[in-house]
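S.K.: have a look; sequence and predicted model below, questions after that.
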Amino acid sequence: MITISTFSDRTVAKKLTVEDIVSDELKREMNLDEKTFAVIDDWDTALASIHKLPIDYETFTNRVSEMKLLKEMIDTLASADFDAVKRSESRKKPSDHPTKSLTMFYNVIFLKGKRKLGYAALIHLPRLKANPERSPGIVLASKIHSEAGKQISTIERGRFDDFLVEVKPYINLLGDLYRQTRKL
């Protein structure tokens, strides 16, 4: 897991990565007034750009079941210890990509007082099998904690061999927990 602390008065020049896109998209969804590496106007553009950037699949060594950020997201949502919550999702099958692939982006943003806590997960299945839900892939998770002008960002990587068995249960659990918060 990689943790990065940033302050609003610092800008760092660097090459655009998939991690930057996920983090920037989460910042945009959280309405944080920060300079980002890329200005992306909608999720279709963000998800399409994933296919144009190299992804170092070898850095995705942890299994999805070992990812701490997914467990944190579930625990935070289950605790209902927040003033407001919003969830968003998007899916993209690029028509111009040489292989059949699927990219999904989910985020959950919690507000408590002046504190904002956002989680995002990019799920990428680079080569779909005949039954797409049985395909392998990666999850890139991001967390941003924003309070008093300070942001702490965390990135975590995970991989899976079978989307249906290893990832879909988390998506379903998060969806069920989110729907329960709507009834409160």
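M.R.: The structure has been received and is ready for your questions. Numbers count the residues shown, from 1 in each chain.

S.K.: every contact and neighbour count from this point should use C-alpha atoms.
M.R.: Will do.

S.K.: residue 110 sits in which helix or strand?
M.R.: Using DSSP states H and E, residue 110 falls within strand 102-112.

S.K.: can I get that strand in CSV, CA atoms only?
M.R.: The C-alpha coordinates for strand 102-112 follow below in CSV (Å, rounded to 0.1, in the frame of the first residue of the first chain):
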residue,chain,number,x,y,z
LEU,A,102,-14.0,-4.2,-19.3
THR,A,103,-13.2,-1.4,-16.9
MET,A,104,-15.4,-0.4,-14.0
PHE,A,105,-15.1,2.5,-11.6
TYR,A,106,-16.9,2.7,-8.2
ASN,A,107,-16.6,5.3,-5.5
VAL,A,108,-18.1,5.9,-2.1
ILE,A,109,-17.7,9.3,-0.4
PHE,A,110,-18.5,10.0,3.3
LEU,A,111,-19.0,13.3,4.9
LYS,A,112,-18.8,13.9,8.6
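
S.K.: who does the helix or strand following it touch, helix- and strand-wise?
M.R.: Later in the chain than strand 102-112, the nearest helix or strand by DSSP H and E is strand 115-125. Helices and strands touching strand 115-125, as assessed by 3 or more CA pairs under 8 Å, 6 or more residues apart in numbering; DSSP states H and E, comprise helix 18-29, strand 102-112, strand 137-147.
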